[in-house]
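> everything below, folded, please.
(2 chains)
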Number of protein chains: 2
Amino acid sequence: MPITTQLPLLRSRSQASFRHANILLTASTTRFRSTLPLGQSPSLDPMTGEIVALPDIQPGRLVISKNQNPTPPPSSKTLVFGRTFTDHMLAIHWDAVNGWGQPNIKPYGPLQLDPSTTVLHYAQTLFEGMKAYRDDGGKVTLFRPDMNMKRMNNSAKRIALPTFHGDALLELIKELIRLDRHWIPQEPGHSLYIRPTLIGTQRFIGVAPPTEALLFVICSPVGPYYPNGFKPIALYGTTEYIRAAPGGTGAYKLGVNYAPGVLPQKQAAKAGYAQNLWLHGSEHYLTEVGTMNMFVVLRKDDGAHELVTPPLDGMILPGVTRDSVLTLAREHAAGVKRLPNLPEDLVVSERQISMNEIKEASKANRLVELFGAGTAAVISPVNRIGYLGEDLHIPTGKDGMGPISRPIWTELVGRQTGAIPSDWSVVVSE
Amino acid sequence: MPITTQLPLLRSRSQASFRHANILLTASTTRFRSTLPLGQSPSLDPMTGEIVALPDIQPGRLVISKNQNPTPPPSSKTLVFGRTFTDHMLAIHWDAVNGWGQPNIKPYGPLQLDPSTTVLHYAQTLFEGMKAYRDDGGKVTLFRPDMNMKRMNNSAKRIALPTFHGDALLELIKELIRLDRHWIPQEPGHSLYIRPTLIGTQRFIGVAPPTEALLFVICSPVGPYYPNGFKPIALYGTTEYIRAAPGGTGAYKLGVNYAPGVLPQKQAAKAGYAQNLWLHGSEHYLTEVGTMNMFVVLRKDDGAHELVTPPLDGMILPGVTRDSVLTLAREHAAGVKRLPNLPEDLVVSERQISMNEIKEASKANRLVELFGAGTAAVISPVNRIGYLGEDLHIPTGKDGMGPISRPIWTELVGRQTGAIPSDWSVVVSE
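Numbering: from 1, shown residues only, chains lettered A, B, ... in the order given. Below you'll find the model as predicted:
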């Protein structure tokens, strides 16, 4: 396709986009336009005239088309995770010739996809999960959203989907949240779950790098994961199926990591276990719990507590909650910031740990606790592992939690909701 | 959900479906209705009244809504694989309460999918690839379609999507092909590529077994893979990425096996190789080639030819072309049906073969040929493998093929097109 004919087309399209009827430009549009130094048109190589950089996501081009039939948010008591969505969604198209197009915030509604669209055949999809919180005073915050933007770009690279300026997308997500902020439940433990998704959309049933893509963001109000206090769960130590393997995609938040886990999860549930404990290799190293990262606490020879989680070796999802737990525990252990009620003799290890080590620790009364960590549940204590026909019991406190997870959870939830001030909490709206 | 209120609803819905305007019932509808003994309504347990079996796909309920704006098929010379689709598509909805619904053949057109639809987030998708051929006399045939129906059901089980009566779907696919038969190019090497696809469609961003699904079938006219004779390809022996691992999904035709291969394919192409040669384990066992199964031919100590392909050990896709090559070679070796020009001293092995064995065979002048086998290319000869920084050259004949693949290809293509009569060729329309 000759570039000379493409560039004028591109420019006239982006001008035309501002002439649409039924469009409300927000006050913030001007602000974005002046502060974000993002490319407004493809950069050309001065020697060859070739396109060397396509337009990135440009918040300054945002067009908001308000939902003329907004629905009242449901009562917080009736919320079911992931079934109710707010009035608006964000959508940004990308194609290999024009780069990222005009961002649109528009009424939540169906996508029209040709039956040959690549995502429907070859699973070219990735996503993120984030939460926005609203406090008593009405202040809305996000928790470490920069981590999600970075991971989303890493995921995109892994399946040849387009990358983007994370801060630019974040500005647009904030705009969407501001518009639908009345959907954020204010009750403790409630939040707005935000789901940025990126899919390959070219109409082509060959297996190839996407030439078209769609980034969209939808939002769902959610209640607490444990409305009646912590309920420790039982895990099925899974030896028949894997979640990930070296050279695969376990370290990326891709759709492909999830569909294959549904059948093992059904089978675990049938056998009386809540989630799969994913193992790796002939040593049965513990990797993840269901869709969460995993932590174990062991009592060492000298009586100290060791908090263990598998290292980011290519199979483990770099969870935001995982990183937050590790950071809080390390700052505590180093004396940088002591957490109340957390034992001082804490050692933090990112290392492999096998089922055999877990069994031996259990026998020697050195297994202190085991828990999952993720955005949805935050901390999910475990009280039992079924493994090769035996059940291994894991201690939990009266409230369901253990001596290490409890104080970490308290600090973490405080920082997430903004109740404990920290730079992890990013203000969306005062 | 009380069953007593559901059943009347179900019945009235299926009755209502026949009252739609703009529907043409084909002559064949009656035939299906009387010959296929498929459940017409949910079966109830006589003791409990519980639903024990949901309605399967029922060809007798087919409704055809003809495309009122059909397009003329493009010239066979301009065909590009997977970009052009015929006038009609087949669509059948399923849900966990009502089972498989009314099959519809309708104009090819976009699907409306809610942004929360599970396939867009968690890759709940699987597909098949089949070809229909039209001979000089106008007879239309499919090649071993029962294999595709079986595999599609196996794929569905692996990701908890609904299974179905394979013969019933096949009847409906035949009906679709008959309606669009003028789209099948008649030129040698041309065919109609048929893409049955099954996606999870519930509007829910929790990871769970689908409660709703959509099975659709689209058709694309395709030209020969090698329009100007065989072109042997170079493979990149891939050690950085994997296609599959034990306990994973490599043995199923799922979308999740494809998106992760795009980046490795791009990197291989950049290094000058056409496809990835997927390896497994520290021994670097050869598994598959790009999206094809793989065969190697070695000369043994006694001079005999050994045709080797990896066994179906859970990582290898059970390809229809793979099975056909093996069957033809075995029948030849056993003297059941000798193929012209194929050496008589042929030994057929389903066994693991490592890169080291390939290298040693090459050094000893015992590597006869190496090829990929799949529905799209049928046989794809290989002339070079890049492996750990070295290039390994593989013999090919003047026409690009080797002494084993050439006679097998001739027989296979003859049977596929129906030129060589066999029970592998299934008549769609005389």
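
> do a quick rundown of the strands in the stretch 301-430 of chain A.
For the stretch 301-430 of chain A, strands defined by DSSP state E, counting those that start in this stretch occupy the ranges A:305-309, A:346-350, A:367-374, A:378-387, A:390-393, A:425-429.

> ditto for the stretch 101-250 of chain A
Counting by DSSP E, counting those that start in this stretch, the stretch 101-250 of chain A has these strands, from start to end: A:104-107, A:111-113, A:125-127, A:130-134, A:140-143, A:191-200, A:212-222, A:233-238.

> out of the ones you listed, which comes closest to A:Trp94?
strand A:212-222 (4.4 Å; Cβ to Cβ). Any C-beta I mention is one placed from the backbone N, CA and C, and that applies to glycine too.

> now do the closest one: which elements does it pack against?
Counting contacts by 3 or more Cβ pairs under 8 Å, 6 or more residues apart in numbering or on different chains; DSSP states H and E, strand A:212-222 is packed against strand A:88-95, helix A:166-179, strand A:191-200.

> return the most buried member of the ones you listed.
strand A:191-200 (a mean of 24; mean count of other Cβ atoms under 10 Å in any protein chain shown).

> ok and that strand relative to strand A:425-429, angle-wise?
Counting by axes from the mean of the first three to the mean of the last three Cα atoms, to 10 degrees, strand A:191-200 lies at 90 degrees to strand A:425-429.

> next, the angle from strand A:191-200 to strand A:212-222.
Going by the same axes, to 10 degrees, strand A:191-200 makes 160 degrees with strand A:212-222.

> strand A:191-200 and chain B, any residue contact?
Yes - using Cβ under 8 Å from any Cβ of the partner chain, strand A:191-200 comes into contact with chain B via A:Tyr193, A:Arg195, A:Thr197, A:Ile199, A:Gly200.

> including pLDDT, could the residues you listed go into CSV?
Formatted as CSV, the residues of strand A:191-200 next to chain B follow (pLDDT from 0 to 100):
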residue, pLDDT
A:Tyr193, 97
A:Arg195, 98
A:Thr197, 98
A:Ile199, 98
A:Gly200, 98
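
> still on that earlier bit, ranking the strands of the stretch 101-250 of chain A by burial, who's on top?
Using mean count of other Cβ under 10 Å, the stretch among these with the greatest mean number of neighbours is strand A:125-127 (a mean of 27).

> and it, what does it pack onto?
helix A:145-158, strand A:191-200, helix B:118-122.

> mind checking if the shortest one is in reach of chain A?
Yes - for a cut-off given as Cβ under 8 Å from any Cβ, helix B:118-122 has contacts with chain A, namely B:Val119, B:Leu120, B:His121, B:Tyr122.

> surely the second one and A:Ala123 touch.
No - if you go by Cβ atoms under 8 Å, B:Leu120 and A:Ala123 don't touch, sitting 9.9 Å apart.

> which residues do those two both contact?
Counting by Cβ atoms under 8 Å, 6 or more residues apart in numbering or on different chains, the contacts common to B:Leu120 and A:Ala123 are A:Gly255.

> quick one: residues contacting A:Tyr133.
A:Val140, A:Thr141, A:Leu142, A:Phe143, A:Ile184, A:Ser191, A:Leu192, A:Gln416, A:Thr417, A:Gly418.

> ok, back up a step: with distance to A:Pro224 added, can I get the helices and strands packed on strand A:125-127 in TSV?
Formatted as TSV, those follow (distance: least, Cβ to Cβ, whole Å):
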stretch	distance to A:Pro224
helix A:145-158	21
strand A:191-200	9
helix B:118-122	22
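
> so which of the ones you listed is nearest A:Asp423?
helix A:145-158 (10.4 Å).

> what does the closest one rub up against?
Residues contacting helix A:145-158 (Cβ under 8 Å, 6+ apart): A:126, A:128-130, A:161-164, A:166-167, A:169-170, A:173, A:196, A:198, A:249, A:252-254, A:318, A:320, A:323, A:426, B:260, B:263.

> pretty sure A:His93 contacts A:Glu212?
Yes - using Cβ under 8 Å, A:His93 is in contact with A:Glu212, at 7.2 Å.

> who touches both of the two?
A:Thr201.

> which residues of the stretch 201-350 of chain A lie near chain B?
Going by Cβ under 8 Å from any Cβ, the residues of the stretch 201-350 of chain A near chain B are A:203-209, A:216, A:218, A:220, A:240-242, A:245-249, A:254-256, A:258-263, A:265-266, A:291.

> just the buried subset of the residues you listed, please.
A:203-205, A:207-209, A:216, A:218, A:220, A:241-242, A:245, A:247-249, A:254-256, A:258-263, A:265, A:291 (16 or more other Cβ atoms under 10 Å in any protein chain shown).

> out of those, which sit inside helices?
Under the assignment DSSP state H, those contribute A:Ala259, A:Pro260, A:Gly261, A:Val262, A:Leu263, A:Gln265 to helices.

> check what pLDDT the second one gets.
Meaning A:Pro260. With respect to pLDDT, A:Pro260 has a value of 98.

> any idea which element the most far-flung residue of chain A relative to its centre lies in?
Here the centre of chain A is the reference, and by Cα atoms, centre = their mean the most remote residue is A:Met47, at 41.8 Å. Assigned by DSSP states H and E, A:Met47 belongs to no helix or strand.

> next up, the contacts around it.
Contacts of A:Met47 (Cβ under 8 Å, 6+ apart): none.

> how much space separates it from chain B?
Distance of A:Met47 to chain B, given as Cβ to the nearest Cβ, to the nearest Å: 22 Å.

> where's that residue relative to A:Leu54, distance?
Counting by Cβ to Cβ, to the nearest Å, the gap from A:Met47 to A:Leu54 is 18 Å.

> cool, and A:Lys231?
On the measure of Cβ to Cβ, A:Lys231 and A:Leu54 end up 49 Å apart.

> please consider this matter closed, and thank you.
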